[in-house]
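Asks: Sequence and predicted structure are below.
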Amino acid sequence: MQKIEVFALSISDLQRMLDLAAEKAIKAYQESQKQPSKYEEITLTKAAEELHCSKATIRRKMKAMNIKPLRIGREMLIKRFMLERIKGG
């Protein structure tokens with residue numbers, strides 16, 4: 001934690017500093033509480049990390065469950081709700 005020594009500070013300056021600190025704290029809290037959207041598109045690498053398996057395992061399960069990925073170049077993306085289907089089945 002940083003220590004700040006304040007010698008001559010007006011009330012308005014102090015209020016501005018407190019407002020900025022409060023806004024920063026609220027934003028940090030909101031970011032920590034943010035839940036991912038079930039329609040969020042994630043890469044197979046991210047999906048494999050979340051399920052603690054390999055990308056090949058994800059691809060095999062997608063093929064078995066007839067899940068079609070979105071292809072962008074060589075990258076394959078799937079919706080988060082599809083990842084939940086893979087996880088459950």
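Replies: Cool, the structure landed.
Asks: Identify the residues contacting the spatially most central residue of the chain.
Replies: Nearest to the geometric centre of the chain sits residue 36, at 6.0 Å (Cα atoms, centre = their mean). Applying Cβ atoms under 8 Å, 6 or more residues apart in numbering to residue 36 gives the contacts residue 80. (Each C-beta comes from the backbone N, C-alpha and C, glycine too.)
Asks: which SS state does it fall under?
Replies: coil (DSSP: H, G, I helix; E, B strand; the rest coil).
Asks: Backbone torsions only: list them for it.
Replies: phi -70, psi 140 (degrees, to the nearest 10).
Asks: What is the longest strand of this structure by residue count?
Replies: When the chain is parsed with DSSP state E, its longest strand is strand 75-79.
Asks: the strands in this structure, which residues?
Replies: So, for the chain - with DSSP E - the strands run 41-43, 70-72, 75-79.
Asks: any chance of the ones you listed in a markdown table, with mean pLDDT and mean neighbour count too?
Replies: Listed next are the strands of the chain as a markdown table, based on pLDDT from 0 to 100; neighbours: other Cβ atoms under 10 Å:
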| stretch | mean pLDDT | mean neighbour count |
| --- | --- | --- |
| strand 41-43 | 92 | 16 |
| strand 70-72 | 91 | 10 |
| strand 75-79 | 92 | 17 |
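Asks: will you turn the ones you listed into JSON lines that also has distance to residue 16?
Replies: JSON lines is the format used below for the strands of the chain (distance: least, Cβ to Cβ, whole Å):
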{"stretch": "strand 41-43", "distance to residue 16": "40"}
{"stretch": "strand 70-72", "distance to residue 16": "44"}
{"stretch": "strand 75-79", "distance to residue 16": "43"}
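Asks: State which helix of this structure is the longest.
Replies: When the chain is parsed with DSSP state H, its longest helix is helix 11-33.
Asks: how about it: buried residues?
Replies: Across helix 11-33, burial judged by 16 or more other Cβ atoms under 10 Å covers no residue at all.
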